[in-house]
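Chemist: sequence? don't have it. structure:
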């Protein structure tokens, strides 16, 4: 069975209908002029991104030090210690960096949720 449609839709029409139906995406504010007046000021957005990037840089530094530093650079010094019968440098290279990475993701989520509430307000959650 072949479906024929005589009406042609533009990409803008399709995107508008999708975004208006999915208000949980947070994109409705981009399409609704009334919601656009409720956006944070430029200074609030700049503060938000400055804090966001500083947290991101700090967390990536920790990730780099644990994965590259403890797993490769300092492995000989860390291997002098044992964790459950396994040399600590080997443990960091195999498992420790993954555990730290998961913890860093959780920290990032918690910090960004707090920043969203503090700097952007409750309505942007």
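Modeler: Cool, got the structure. Fair warning: this is a prediction, and the values are worked out from it, not measured in the lab.
Chemist: tell me the contacts of residue 80?
Modeler: By C-beta atoms under 8 Å, 6 or more residues apart in numbering, the contact list for residue 80 reads 87, 88. For the C-beta atoms, the positions are set from N, CA and C on the backbone; glycine is no exception.
Chemist: at 10 Å instead, please
Modeler: Residues counted as contacts of residue 80 (C-beta atoms under 10 Å, 6 or more residues apart in numbering) are 87, 88, 89.
Chemist: which SS class is it?
Modeler: What DSSP: H, G, I helix; E, B strand; the rest coil gives for residue 80 is coil.
Chemist: residue 40 too?
Modeler: Residue 40 is classified as coil under three-state DSSP.
Chemist: number the chain from 50, please
Modeler: Will do, 50 is the new start, and the previous item becomes residue 89.
Chemist: that one reaches residue 167, doesn't it?
Modeler: No: under the criterion of C-beta atoms under 10 Å, residue 89 is not in contact with residue 167, lying 11.3 Å apart.
Chemist: how about the helices in the chain?
Modeler: Along the chain, the segments classed as helices by DSSP state H run 60-70, 77-80, 82-85, 91-113, 124-127, 137-140, 146-164.
Chemist: lowest average pLDDT across these?
Modeler: Sorting the helices of the chain by mean pLDDT places helix 77-80 lowest, at a mean of 47.
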